[in-house]
Each structure stands twice: as C-alpha cells, then as structure tokens.
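Enquirer: structure for the following, please:
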Amino acid sequence: SWDLIFKPENAAKLKDIGLVLLDDPSEILSLALHYLGLDPNSLNKADYEEKALPLLMGIRPYIKYFHSSQYINDIANGDIGVVVGWGGDILQARDRAIEAKSGIEISYSIPKEGAATWFDMIAIPSDADNVDNAHKFLDFLMDPKVIAGITNYVSYPNANADATQYVDEAIRNDKTIYPTEETIKGLFTMKVMPPKISRVRNRVWTKFKTGY
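Expert: Numbers count the residues shown, from 1 in each chain. A predicted model of the protein is given here:
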C-alpha cells in the first residue's frame, strides 16, 4: 500500500534503511494526488499546493535523497532499503543483485491503490529521409521472436500477444512484469500538462525537495 510511503509514521521507520524517491515532479505529484483520491492529472492549482504538498512535506524528513537513476546501483548493493522508482529500473537492480550473488533480495510491487503505467515507444520523425526503412525496422522489432528476445533480455513486457509464447516462462508468469487484469484496472496514465500547471508542479516540487 502507498500507506508505507505517504504515512509519516511508516516513512519514519524507513529512514534508517534509506527511503528514496524519483526526482520527478510529474511522477511523484501524480502519485500523491492519486493516493488522496484526486485526479492524478489535476488542472487545479490548489490540489498541488494545498493537498499534495502537505502530504509530501509530512514525509520529507525521512527521505534520504531524490534521484532518477542512482537508486539502481544503491538498492542492488543494499545501500538503500525502499525506493519509489520505475519498474524497469527496479527489475534491473534485482537482476544485478542476483548476478552478483550478494544475497540481497529485491522485491518489486505495485501498491494496491494503483500507480502510473508507462510505455517505451519508437517514433518516426516527420522529416525522416528513409521512412520505408524505418517501417521495415519497426516490423522487424515487432516480429514475435525478436520482441520476445528483447523482453527476455531487459525484463520489460511487450504488447505483441503473439510473442508471449516465446517469452521466458519465469518472465511471463511474473505478475510484476505482466500484471493481472485486476492490477491493470488500478493503473493510470499521465497527461502532458499545460505550461501553467507545469510551473505550479515545479514550484511545489522545489518546496518539497528543499523542505521549505
């Protein structure tokens, strides 16, 4: 549950082992709003300043640092204990810990209240010179065996249903990689914010990080 992170009494217990958050206002502020039962893509300035910020300030004393990549090595090495990070990064850290045979066990979970979903995408620029070749490359990537091989290497799921049979059994049966329909129902997507709200988010984020 997000209670582990957003309730001060719980966050306080994580301070000694190292609680880390992404240095990403769009991710963390959206999660805070979602936790509060509000629209994670809110266009209401007050939702950020009067609701999300007080929630986050309650846990600010217990956060070790904010970063969007450092935590991969740190959690794999056992230097931190809990991180709100990107799923792919956590799975990479888990694989590194296993390869190092360090005895460090890393668990990845999607809180029961839900979380943001993500997509890695490939786009063809509108002014590309070799559009036909670009389409051929995309077709190659989406070949079931090719995209399954990529999934097996990086532990990222893919959207090609025909590829699932070629994905390693341990990966395709891992509910943190291929979540259940019930889990998917609790996920939300993040929208591009208008400049005015982006500025509000950035100001709120700065206040949160600095603790003022």
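Enquirer: ok, longest helix in this structure?
Expert: Across the chain, the longest stretch assigned as helix under DSSP state H is helix 195-210.
Enquirer: would you put the C-alpha positions of that one in CSV?
Expert: What follows is helix 195-210 as a C-alpha-only set of coordinates in CSV (Å, rounded to 0.1, in the frame of the first residue of the first chain):
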residue,chain,number,x,y,z
PRO,A,195,2.5,25.3,-19.1
LYS,A,196,0.7,27.0,-16.3
ILE,A,197,0.2,23.7,-14.3
SER,A,198,3.7,22.6,-15.1
ARG,A,199,5.0,25.7,-13.4
VAL,A,200,2.8,25.0,-10.4
ARG,A,201,4.1,21.5,-10.2
ASN,A,202,7.8,22.6,-10.4
ARG,A,203,7.3,25.2,-7.7
VAL,A,204,5.6,22.7,-5.4
TRP,A,205,8.4,20.2,-6.2
THR,A,206,11.1,22.7,-5.3
LYS,A,207,9.4,23.4,-2.0
PHE,A,208,9.1,19.7,-1.2
LYS,A,209,12.7,18.9,-2.1
THR,A,210,14.1,21.9,-0.1
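Enquirer: packing partners for that helix?
Expert: The elements that helix 195-210 packs onto, with contact taken as 3 or more CB pairs under 8 Å, 6 or more residues apart in numbering; DSSP states H and E, are helix 25-35, helix 53-57. (C-beta placed from N, C-alpha, C; glycine too.)
Enquirer: report all helices and strands that the helix or strand following the last one contacts.
Expert: In other words, helix 53-57. Per DSSP states H and E, the first helix or strand lying C-terminal to helix 53-57 is strand 63-66. Under the contact criterion of 3+ CB pairs under 8 Å, 6+ apart, strand 63-66 touches strand 19-21.
Enquirer: quick one: contacts of the strand it packs on?
Expert: With contact meaning CB atoms under 8 Å, 6 or more residues apart in numbering, strand 19-21 is reached by 5, 11, 28, 59, 62-67, 70-71, 74-75, 80-85.
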